[in-house]
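Undergrad: below are the sequence and a predicted model; questions follow.
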Amino acid sequence: MSNPIPVTNPKQGYLSLKSDILAAVERVLDSGWYILGQEVSNFEAEFAAYCGASQCIGVANGTDAIVLALKSLGVGAGDAVFTVSHTAVATVAAIELTGATPVLVDVDAGTYTLDPQKLKDSIVAVTAEGKLTPKAVVGVHLYGHPFDIPAISSICREHGLFLVEDCAQAHGATFEGRHVGTFGDAGTFSFYPTKNLPAFGDGGGVIFRDARAAETCRALREYGWRERYLSDLAGQNSRLDELQAAILRVRLQHLDEEIATRRAAAEIYGEGLKDMVTVPTLRPGVAHAYHLYVIQSDKRDALKNALGGAGVGTGIHYPVPVHLQKAYEGRVPLGAGGTDATEGLTDRILSLPMHGFLSREDATSVVEAVRQWHEKPQDG
């Protein structure tokens with residue numbers, strides 16, 4: 001392969017929109033206002049409109065987005081918050097930063113998202129034990145595929161729990177035509193440079209169903225101020241800065257176009273790879289945003305090495321479930337029914353190149369590289 005194909009390519013986003021991005025940056029620098037100014041408020045309004053939400057609160061990063069969403073809903077010490085172990089560690093770290101206790105529930109191995117029955121069993125078990133108060137669920141729309149929204153929402157209503165949607169990998173994903181982040185009590189987003197909607201640094205956002213929770217979050221992100229220098233609440237410093245907001249306003253204009261590119265590449269992968277590896281499955285009603293394209297193979301490491309030798313970048317999202325990582329192992333409680341599906345994915349999953357500028361030719365080349373490996377006699 002003459003030109004390597006990276007697993008992601010944030011620089012291309014800059015090069016493709018360079019003049020518009022530089023103009024946005026210059027506009028901010030010339031304004032003399034660099035924190036919580038017009039760029040942030042404009043981006044908040046524009047992103048809320050894109051999602052179909054009433055308002056958005058810009059914050060410093062995606063982890064803070066989860067922290068502030070939970071705190072704004074009144075989640076804290078003594079509360080149990082149910083989520084998955086097959087996720088970026090930020091999801092679990094954010095729950096602990098509120099003072100609450102994460103309870104890690106197994107996933108559905110087909111879609112990599114929260115298993116509804118295991119969630120229901122886990123809520124019942126924690127309630128019966130009586131040591132923690134079940135308070136919220138953080139459902140992760142992993143890789144850009146929405147979790148089972150009807151089932152999880154129904155369980156939350158049945159048990160009186162808040163539902164926070166972790167949309168860090170799912171900008172532009174929809175269920176039955178409606179954007180993720182708008183089904184729960186809050187939707188949280190990361191604008192990290194490799195996300196579907198990326199800044200060129202850290203950034204995050206939260207959308208809420210309830211206006212009072214949104215108002216609380218807006219105060220909490222800046223020391224609990226409702227009036228400058230007067231803290232009504234014990235807050236923190238988590239502000240989306242003007243430069244990143246201005247860049248995000250440019251990138252938001254092209255988000256749907258880039259997601260269409262991702263979906264076109266995913267279609268090439270799905271059709272070309274389905275007889276060689278396990279390709280992603282889609283739940284009915286879902287429009288996948290394909291932040292990542294994750295396949296499964298029982299010879300994952302051999303395939304990864306072969307693709308690397310052919311100039312195809314890959315990744316593993318994620319190599320070790322959160323509950324088996326040193327910081328959490330034996331300390332964070334697991335949900336009912338164990339984590340067999342989660343642990344069974346670890347040695348099988350592989351992320352192929354996927355980003356908003358991936359050409360059809362490169363996607364086809366990736367398929368061909370997998371095919372060459374598949375047709376080559378395998379040891380063992």
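TA: Ah, there it is.
Undergrad: what distance separates the longest strand seen in the chain from the centre of its chain?
TA: Using DSSP state E to define each element, the chain has its longest strand at strand 133-140. Put simply, strand 133-140 sits 16 Å off its chain's centre (CA atoms, centre = their mean, to the nearest Å).
Undergrad: same deal with stretch 66-80?
TA: 19 Å.
Undergrad: span of it from start to end?
TA: 15 Å (CA to CA, to the nearest Å).
Undergrad: report the buried residues of that stretch.
TA: 66-73, 75, 79-80 (16 or more other CB atoms under 10 Å). From N, CA and C alone the C-beta is placed, and that goes for glycine too.
Undergrad: in TSV: those, plus pLDDT.
TA: Formatted as TSV, the buried residues of stretch 66-80 follow (pLDDT from 0 to 100):
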residue	pLDDT
66	99
67	98
68	98
69	98
70	98
71	98
72	98
73	98
75	98
79	98
80	98
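Undergrad: need these in TSV (columns: distance to residue 238).
TA: TSV is the format used below for the buried residues of stretch 66-80 (distance: CB to CB, whole Å):
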residue	distance to residue 238
66	11
67	8
68	6
69	11
70	13
71	11
72	12
73	16
75	16
79	21
80	24
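Undergrad: farthest pair in these?
TA: 68 and 80 (19.2 Å; CB to CB).
Undergrad: distance of residue 149 relative to residue 243?
TA: Residue 149 sits at a distance of 34 Å from residue 243 (criterion: CB to CB, to the nearest Å).
Undergrad: then residue 126?
TA: Applying CB to CB to residue 126 and residue 243 gives a distance of 43 Å.
Undergrad: so which residues of the stretch 1-150 of the chain form helices?
TA: 10-16, 18-31, 38-51, 62-72, 89-97, 116-129, 149-159 (DSSP state H, counting those that start in this stretch).
Undergrad: and the ones you listed: which comes nearest residue 350?
TA: helix 89-97 (19.5 Å).
Undergrad: which residues sit against the closest one?
TA: 62-67, 70, 81, 83-85, 101-102, 104, 138, 140, 166, 168, 190, 318, 322, 325, 328, 332 (CB atoms under 8 Å, 6 or more residues apart in numbering).
Undergrad: okay, angle between that helix and strand 133-140 too, please.
TA: 160 degrees (axes from the mean of the first three to the mean of the last three CA atoms, to 10 degrees).
Undergrad: quick check, pLDDT for residue 3.
TA: As predicted, residue 3 sits at a pLDDT of 86.
Undergrad: what's the spacing between it and residue 365?
TA: In terms of CB to CB, residue 3 sits 9 Å off from residue 365.
Undergrad: more neighbours: which of these two?
TA: Ranked by neighbour count (other CB atoms under 10 Å), residue 3 and residue 365 place residue 365 first, with 20 against 8.
Undergrad: quick one: secondary structure of that one?
TA: Three-state call for residue 365 (DSSP: H, G, I helix; E, B strand; the rest coil): helix.
Undergrad: I figured residue 27 hits residue 246, correct?
TA: Yes. Between residue 27 and residue 246 there is a contact under CB atoms under 8 Å: 6.3 Å.
Undergrad: neighbour-wise, which of the two wins?
TA: Per other CB under 10 Å, whichever of residue 27 and residue 246 has more neighbours is residue 246, with 25 against 15.
Undergrad: contacting residues for the more buried one?
TA: 24-25, 27-28, 39, 43.
Undergrad: quick one on the thing from earlier: identify, from the buried residues of stretch 66-80, the entry nearest to residue 258.
TA: The closest of these, once distances to residue 258 are taken by CB to CB, is residue 66, at 24.2 Å.
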